[in-house]
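1. got a sequence here, can you model it:
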Amino acid sequence: MTATPPKPAAATPRRKVSRHRGEGQWAVGHFTPLNGNEQVKKDDDGLNVRTRIETIYSKRGFDSIDPSDLRGRMRWWGLYTQRKQGIDGGKTAILEPEELDDSYFMLRVRIDGGALTTAQLRVIGEISQEFARGTADITDRQNVQYHWIRIEDVPEIWNRLEAVGLSTVTACGDTPRVMIGSPVAGIAEDEIIDGTPALEEMKRRVLNNPAYSNLPRKFKTAISGSPVLDVVHEINDVAFVGVEHPEHGPGFDLWVGGGLSTNPKLGVRLGAWVPIEDVPDVYEGVISIFRDYGYRRLRNRARLKFLVADWGAEKFRQVLEDEYLKRKLTDGPAPADPTSRWRDHIGVHRQKDGRFYVGFAPRVGRVDGTILTKVADLAESHGSGRVRTTVEQKMIVLDVEEGQVDSLVESLEALDLTARPSTFRRGTMACTGIEFCKLAIVETKARGASLIDELERRLPEFDEPLTINLNGCPNACARIQTADIGLKGQLVLDDRGEQVEGYQVHLGGALGLEPGFGRKVRGLKVTAEELPDYVERVLKRYQAEREDGERFATWAARASEEALS
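-> Predicted coordinates:
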C-alpha cells in the first residue's frame, strides 16, 4: 500500500521588516530628512534666502518666488504670507496653502528684551506708515508685526531697520526666535539681577549663525531677574529666572521644555543655579541639545518639550553637563513667589536711579505707525530716549523725571494709551486672528477690543487682577491655557442651529503663582455674540462665591460646572 504523501505545511507569512528610522535625531545618526520641511532645510539654509529676496524676488515680484522659499525659508527672515482677504474660518483647514496665501506678507521685527530707543521706535512707526498700511501690532513676545508688506519693499525695510540696529533675522522659522527679557532690566528698584549682559552675549553667539539655523522647530528663550516673574518663563523652551543663592548670591534658576499650542507643557526646573557669566554657555548647551537630540520625524513632536518629557529633568541635566558643558552645574533654589499679581509693569514706578518708568496699555496690542511715532516723540519730550515692549502686549517709557510724569501720563491718555487701565483693558490679550493669519478660524483683535468696552460698561467696579486671552485657532499664540479666561476660537452652533464664530472656554489657568492650565467644562462653548454676556455672568458668580482674597483661578478650580457655564 502506497503511503499518501503529507500535505505541505502552510507557508508562514513573511513579516515585512522595516528599518527603524528613529525620531530623526542627529545625535544618534539619523541625518536623512524624514519629512518635507527637513528636506527643504537640508537643501539650503534658510539664512541664504535673503540674497534671493534682494536680488531676484524683490525685482521680479511675488510670482517669481520659489514655493520652498515662500512657505519655508523666508520665515528665517521674519516673513510669512498673510491670509487672503474674504476667506472665512470654515475654509481654513480645507484650502491648499496657495489658496490661502495673499501676495502680501506679515513681517516680524524682533525686539530682544523688548528694548528700543526712541530713534528705533520712530523708524518702526515710519515703516508702518510707508510700507504696511499703518499696521504695527505689539506681540506677546515683545515683537512688532507688520502686515500688507510687498516683497518689492522688503530690502528697503531691512536697510532702514538695520540702520538703527534692528533686524528681522530668525524672527520666524525653525530657529532661535526673539529672546524675551524683563522690560525693566537694569532699572527696576526691586530687581534681583540684570540679565541684559547675558542676553546680549546669547544674541551675539546664535543670531545669523548657521550652527543654529536648522533646529527641529522654533526655539523660545526667556531671561529675567525681576521678582514679578515677568517673562512667562514656564512656557519657554529655555528660561533663566532670577534667584538669590544662599551662598553664591544672585544668579539664575534654569528651566527647560515649556510650550503651549495643542499639546501644552509647563517647563521643568533642572535644579541648577547659573551665574550670569555662565548663562551664554548654558544657553548654547541647551539649544545644541535641541539641535542634536530633538525629534525631526514628526513636526507635531519636534519641540523641545517632547524630548524633555521623555528624558526627564535628571537626564537632561546630565547630558547638558557631560556632553556639552563638560562640567557640573551648581544646585540652587527655586524662584520665590511673584511679588505682584500683575507682571506687566503698568503704571508709574520709581527706578533705582530715582527717575520713573511709566507703563501703559494699548488695546490688545493693536497700535499703528502714527501712534508709535507719537510715543517716540512723547518719550523724548519728557526726557526719555528709551522705551520697552512687554510680553503682555504693553509698552513702557523709561527714565522720566518726576516733574514730567503727570504730563506724560496725560499725553498718553490723549492717544488712548492709558497708564491707569481698567482690569479688562489691562488683562485682555489677543492674537492676530482671521484678519491676517492663515491658521485662524475666528476674529480676535476687534472682538477683544469690543469685549473690553462692554465689560468696562457692565462691571465698572471690578478691580481684581484678571486675564482674558483670545486666540483665533488651537495653536495658543495668545496663551489661552494659562489665562484666567482663555478663549480658543472655533466654529460653533448658535441657538438657530447655524454655524457661527465662537470659542471653547478655558477657566482658571495661571503662570507665576501656582502655574497650571485652565479647566475645560464639558460642552462649554460660547458664540462670539454671547461672549460679553458669558464673561459678565461668570465674573458676577465669582464675586458672589469667592472667599476673602481668593483669586479667580483658585475659585474656578473649585467652582461647580453650573457656576462656570
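2. would you say Leu34 is within a strand?
-> No - applying DSSP: H, G, I helix; E, B strand; the rest coil, one finds Leu34 to be coil, outside a strand.
3. for it, give its distance to Asp237.
-> 21 Å (CB to CB, to the nearest Å). (C-beta placed from N, C-alpha, C; glycine too.)
4. and Ala376, by the same measure?
-> For Ala376 relative to Asp237 (CB to CB), the value is 32 Å.
5. quick one, helices of the stretch 401-550 of the chain?
-> 405-414, 423-427, 445-458, 531-545 (DSSP state H, counting those that start in this stretch).
6. who's in contact with the third one?
-> Think helix 445-458. 137, 363-366, 422, 424-425, 428-430, 432-433, 435, 462, 468, 470, 528, 531-532, 535-536, 539 (CB atoms under 8 Å, 6 or more residues apart in numbering).
7. pLDDT of that helix, averaged?
-> Confidence for helix 445-458, expressed as mean pLDDT, is 97.
8. check the longest one too.
-> Summarised as a single mean, pLDDT over helix 531-545 is 97.
9. with just CA atoms, put that helix into PDB.
-> Coordinates of each C-alpha in helix 531-545 appear next as PDB, following Å, rounded to 0.1, in the frame of the first residue of the first chain:
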ATOM      1  CA  LEU A 531     -19.300  86.400  24.800                       C
ATOM      2  CA  PRO A 532     -19.800  89.600  26.800                       C
ATOM      3  CA  ASP A 533     -22.900  88.100  28.500                       C
ATOM      4  CA  TYR A 534     -21.000  84.900  29.300                       C
ATOM      5  CA  VAL A 535     -18.000  86.700  30.800                       C
ATOM      6  CA  GLU A 536     -20.200  89.100  32.800                       C
ATOM      7  CA  ARG A 537     -22.200  86.100  34.200                       C
ATOM      8  CA  VAL A 538     -19.100  84.200  35.300                       C
ATOM      9  CA  LEU A 539     -17.400  87.200  36.900                       C
ATOM     10  CA  LYS A 540     -20.500  88.000  38.900                       C
ATOM     11  CA  ARG A 541     -20.700  84.400  40.100                       C
ATOM     12  CA  TYR A 542     -17.000  84.700  41.100                       C
ATOM     13  CA  GLN A 543     -17.700  87.900  43.100                       C
ATOM     14  CA  ALA A 544     -20.700  86.200  44.800                       C
ATOM     15  CA  GLU A 545     -18.900  82.900  45.700                       C
END
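10. tell me the angle of that helix relative to helix 445-458?
-> Here helix 531-545 points in a direction 40 degrees away from that of helix 445-458 (axes from the mean of the first three to the mean of the last three CA atoms, to 10 degrees).
11. right, and the helix or strand after helix 531-545?
-> helix 552-558 (DSSP states H and E).
12. for that following helix, name the packing helices and strands.
-> If you count contacts as 3 or more CB pairs under 8 Å, 6 or more residues apart in numbering; DSSP states H and E, helix 552-558 packs onto helix 531-545.
13. of all the residues in the helix it packs on, which ones are buried?
-> The neighbour-count criterion (16 or more other CB atoms under 10 Å) identifies Leu531, Pro532, Tyr534, Val535, Glu536, Val538, Leu539, Arg541, Tyr542 as the buried residues of helix 531-545.
14. got it, and stretch 25-33?
-> Here stretch 25-33 shows Gln25, His30, Pro33 as buried, counting by 16+ other CB under 10 Å.
15. once you drop chain neighbours, what's closest to the last one?
-> With CB to CB, 6 or more residues apart in numbering as the measure, Gln39 is the residue that lies nearest to Pro33, at 4.1 Å, once sequence neighbours are left out.
16. neighbours of the one you found, just the number please.
-> For Gln39, the neighbour count with other CB atoms under 10 Å is 13.
17. doesn't it lie inside a helix?
-> Yes - judged by three-state DSSP, Gln39 forms part of a helix.
18. just the pLDDT at it, thanks.
-> In this model, Gln39 carries a pLDDT of 97.
19. below-threshold pLDDT in the stretch 51-200 of the chain: ranges please.
-> Along the stretch 51-200 of the chain, no part satisfies pLDDT under 70.
20. give me the spatial nearest neighbour of Leu298, chain neighbours excluded.
-> Excluding its sequence neighbours, the residue lying closest to Leu298 (CB to CB, 6+ apart) is Asn35, at 7.4 Å.
21. run through the residues that contact the one you found.
-> Counting by CB under 8 Å, 6+ apart, Asn35 has contacts Arg296, Arg297, Leu298, Arg299.
22. that one and Ala119, how far apart?
-> From Asn35 to Ala119 the distance is 43 Å (CB to CB).
23. now Asp353
-> Asp353 is 21 Å from Ala119, by CB to CB.
24. and stretch 212-222, end to end?
-> One end of stretch 212-222 sits 17 Å from the other (CA to CA, to the nearest Å).
25. ok, now which ones touch Leu47?
-> Trp76, Trp77, Val169, Thr170, Asn208, Pro210, Ser213.
26. filter those residues to the buried ones?
-> Looks like those have Trp76, Trp77, Val169, Thr170, Ser213 buried, using 16+ other CB under 10 Å.
27. which two from these end up farthest apart in space?
-> Maximum pairwise distance in those, criterion CB to CB, is 11.0 Å, between Trp77 and Ser213.
28. identify the contacts common to these two.
-> Residues within reach of Trp77 and of Ser213 at once, by CB under 8 Å, 6+ apart, are Gly46, Leu47, Thr170.
29. follow-up on the earlier one: closest to Tyr503 out of the buried residues of helix 531-545?
-> Nearest member of the buried residues of helix 531-545 to Tyr503, counting by CB to CB, is Leu531, at 6.8 Å.
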